[in-house]
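Asks: This is the structure alone, sequence omitted:
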C-alpha cells in the first residue's frame with residue numbers, strides 16, 4: 001500500500017512540475033524573455049531542460065527521503081552486492097555444514113540404534129545372568145545345608161564306627177573260636193556226606209536231572225489237547241521207570257507236582273510256540289522210593305536244516321595210528337557237540353551230548369582216516385532237519401588240505 005501511495009505522489013508531482021515548466025516556458029516564449037543574453041527560443045529550451053532536471057531531481061529526492069531501500073539502491077548498491085555475495089557464501093557454507101551435520105546425525109542415529117540394540121541384548125543377558133546367579137545362590141545354599149547335614153551324619157557314622165570297631169574287636173575273638181568250631185563241623189559234615197554217598201551209591205536208580213521222557217508239544221491249542229499230549233509223556237516216563245526198576249507199568253510211581261503240571265500245560269496252550277517238554281528226575285532217587293520229577297519247558301524250532309553245514313576243523317594225520325585217529329574223531333565230535341549246544345540243541349543233562357552216531361558210521365570214518373598221512377579238513381553236516389529236542393545226526397566229510405567253502 002505504501003508503494004502505491006508513493007507512485008501516486010510521484011506521478012502527481014511529475015505532472016505538476018511538467019505543467020509549471022510548460023507554463024514558465026510558454027510565458028518565457030510569449031514575453032520573449034532572455035537569460036544570460038541568450039535568444040528567447042534558446043532561453044525557452046533552457047527552461048524546459050531545467051524543468052526536466054528538476055522533475056528527475058525532485059523524484060529521486062522524494063524517493064530517497066521516502067524509502068531506505070531506494071537510498072540503498074542509489075548509494076549502496078555495490079556494498080549491497082558485496083553483502084549479498086558474502087551472504088550467499090555464508091549460506092553455501094552453512095548449507096554444506098548443515099548437510100554434513102545431517103549425515104553425522106544419521107550416523108549418530110544409526111549408532112544410537114545399534115547402541116540401543118546392544119543395550120537391549122546386554123539387559124537380557126544381565127537378566128539371564130541374574131537369574132542364573134539366583135539359581136546358583138539357591139543351589140549353593142542347598143549344598144551348604146546338605147553339607148551341614150552330611151557333616152552331622154558323618155560325625156554320627158564316625159561315632160558308630162568307633163563303637164563298631166570296639167564290637168569288632170570283641171567279635172573277632174568270638175569269630176576265632178567259631179572258626180575252629182566251624183572247621184570241626186565241616187570235617188564232620190564231609191565225613192557224613194561221604195558215608196551217605198557210600199551207603200546209597202549202590203541203590204540209586206535215577207540221577208538228578210536225568211531225562212525220563214521228552215517230546216515236542218504244539219502250542220496255541222485247546223488245553224485238553226495239550227494235557228493229552230503231556231499225559232502221553234507221563235506214560236512214556238512210567239514205562240522208562242518200569243524198565244529201569246524191572247516192574248510192571250502199574251507199579252511204577254511217577255510223582256509230578258500238580259500245580260507245576262497245570263501251569264506248564266496252560267503256558268503251552270496259550271503260547272504261540274511249540275515247546276520241548278522234559279520230565280526229569282528231581283534228585284538222586286533210591287530204588288523203592290517214589291520217582292519225584294520236575295517239568296522243563298524249552299521253545300522248539302528247527303536248529304539245523306537237512307544238509308546244513310555245522311563246523312569244520314583242520315587236522316594233521318600221522319597215518320596207521322588207530323588210537324590217534326579215534327582220538328581225532330572224538331575231539332571233532334566234541335567240537336560239533338559244543339557248536340550244536342551253542343546253536344540251541346538241548347543236551348542230555350547227564351552225558352552232555354546232543355547227537356548220536358551209529359557204530360558202523362564211526363568205524364567207517366576210522367577206516368577212511370587210518371591210511372591218511374598229512375593235513376586234512378573234517379566237516380560236519382546235518383543229516384536231517386533237526387529241532388531243539390534233537391538228536392543231531394551227522395554226515396561227516398573229509399577233504400584234503402583246505403577249509404571247505
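Replies: Perfect, I can see it now. Note that the coordinates shown come from a computational prediction; the quantities given were computed from them, not determined experimentally. Numbering: from 1, shown residues only.
Asks: Show me where the protein has its helices.
Replies: With helices called from DSSP state H, the chain shows them at 2-31, 40-66, 68-75, 77-200, 223-245, 258-270, 322-343, 359-369.
Asks: For these, could you give me TSV that also reports distance to residue 381, mean neighbour count and mean pLDDT?
Replies: To be clear about C-beta, it is placed using only N, CA and C from the backbone, and glycine gets the same treatment. Listed next are the helices of the chain as TSV, based on distance: least, C-beta to C-beta, whole Å; neighbours: other C-beta atoms under 10 Å; pLDDT from 0 to 100:
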stretch	distance to residue 381	mean neighbour count	mean pLDDT
helix 2-31	134	13	70
helix 40-66	141	15	76
helix 68-75	132	12	67
helix 77-200	43	10	76
helix 223-245	30	16	84
helix 258-270	32	15	88
helix 322-343	10	16	86
helix 359-369	13	13	82
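Asks: what's the closest of these to residue 387?
Replies: Closest to residue 387 of those is helix 322-343 (C-beta to C-beta; 11.3 Å).
Asks: Please name every helix or strand in contact with that closest one.
Replies: Helix 322-343 sits against strand 302-304, strand 309-317, helix 359-369, strand 374-382, with contacts defined as 3 or more C-beta pairs under 8 Å, 6 or more residues apart in numbering; DSSP states H and E.
Asks: residues in contact with the third one?
Replies: Helix 359-369 has contacts (C-beta atoms under 8 Å, 6 or more residues apart in numbering) with 317, 322, 325, 326, 328, 329, 376, 396, 398.
Asks: how far does that helix sit from the chain's center?
Replies: The chain centroid and the centroid of helix 359-369 are separated by 60 Å under C-alpha atoms, centre = their mean, to the nearest Å.
Asks: How about the second one?
Replies: Its chain's C-alpha centre and that of strand 309-317 lie 47 Å apart, by C-alpha atoms, centre = their mean.
Asks: Can you point out the buried residues in that strand?
Replies: Of the residues in strand 309-317, 310, 312, 315, 317 count as buried by neighbour count, 16 or more other C-beta atoms under 10 Å.
Asks: now swap in the last one and tell me
Replies: Buried residues in strand 374-382, counting neighbours by 16+ other C-beta under 10 Å, are found at 376, 377, 378, 379, 380, 381, 382.
Asks: State the distance from the residue nearest to the third one when sequence neighbours are not counted to residue 357.
Replies: Nearest residue to residue 378, sequence neighbours excluded (C-beta to C-beta, 6 or more residues apart in numbering): residue 332, at 5.2 Å. Counting by C-beta to C-beta, to the nearest Å, the separation of residue 332 from residue 357 is 11 Å.
Asks: Is residue 346 in contact with residue 386, as I believe?
Replies: No: the criterion here is C-beta atoms under 8 Å, and residue 346 misses it with residue 386 at 11.0 Å.
Asks: Now render the buried residues of strand 374-382 as TSV, adding pLDDT and distance to residue 155.
Replies: Formatted as TSV, the buried residues of strand 374-382 follow (pLDDT from 0 to 100; distance: C-beta to C-beta, whole Å):
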residue	pLDDT	distance to residue 155
376	87	76
377	89	73
378	87	72
379	89	72
380	88	69
381	90	73
382	88	70
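Asks: circling back: quick one: the residue nearest to residue 378 and residue 316, what's the gap?
Replies: Distance check for residue 332 against residue 316: by C-beta to C-beta, it reads 13 Å.
Asks: thinking again about what came up before, would you check which pair of the buried residues of strand 309-317 lies furthest apart?
Replies: Checking the buried residues of strand 309-317 with C-beta to C-beta, the most distant pair is 310 and 317, at 20.9 Å.
Asks: List the contacts of the residue nearest to residue 256 when sequence neighbours are not counted.
Replies: Take residue 256 and drop its neighbours on the chain: the residue closest to it by C-beta to C-beta, 6+ apart is residue 293, 5.4 Å away. Residues near residue 293 by C-beta under 8 Å, 6+ apart: 212, 237, 254, 255, 256, 279, 280, 281, 282.
Asks: so how many other residues sit close to the closest residue to the last one other than its chain neighbours?
Replies: Think residue 282. Excluding its sequence neighbours, the residue lying closest to residue 282 (C-beta to C-beta, 6+ apart) is residue 292, at 4.2 Å. Residues lying near residue 292 (other C-beta atoms under 10 Å) number 15.
Asks: So what sits opposite residue 292 in the bridge?
Replies: residue 255 (DSSP bridges).
Asks: Distance check, residue 256 against residue 11.
Replies: Per C-beta to C-beta, residue 256 is found 153 Å from residue 11.
Asks: centre of the chain versus stretch 272-284, how much separation?
Replies: Centre-to-centre, stretch 272-284 and its host chain are 45 Å apart (C-alpha atoms, centre = their mean).
Asks: Is residue 376 in contact with residue 318, as I believe?
Replies: No: counting by C-beta under 8 Å, residue 376 does not reach residue 318; the two are 11.4 Å apart.
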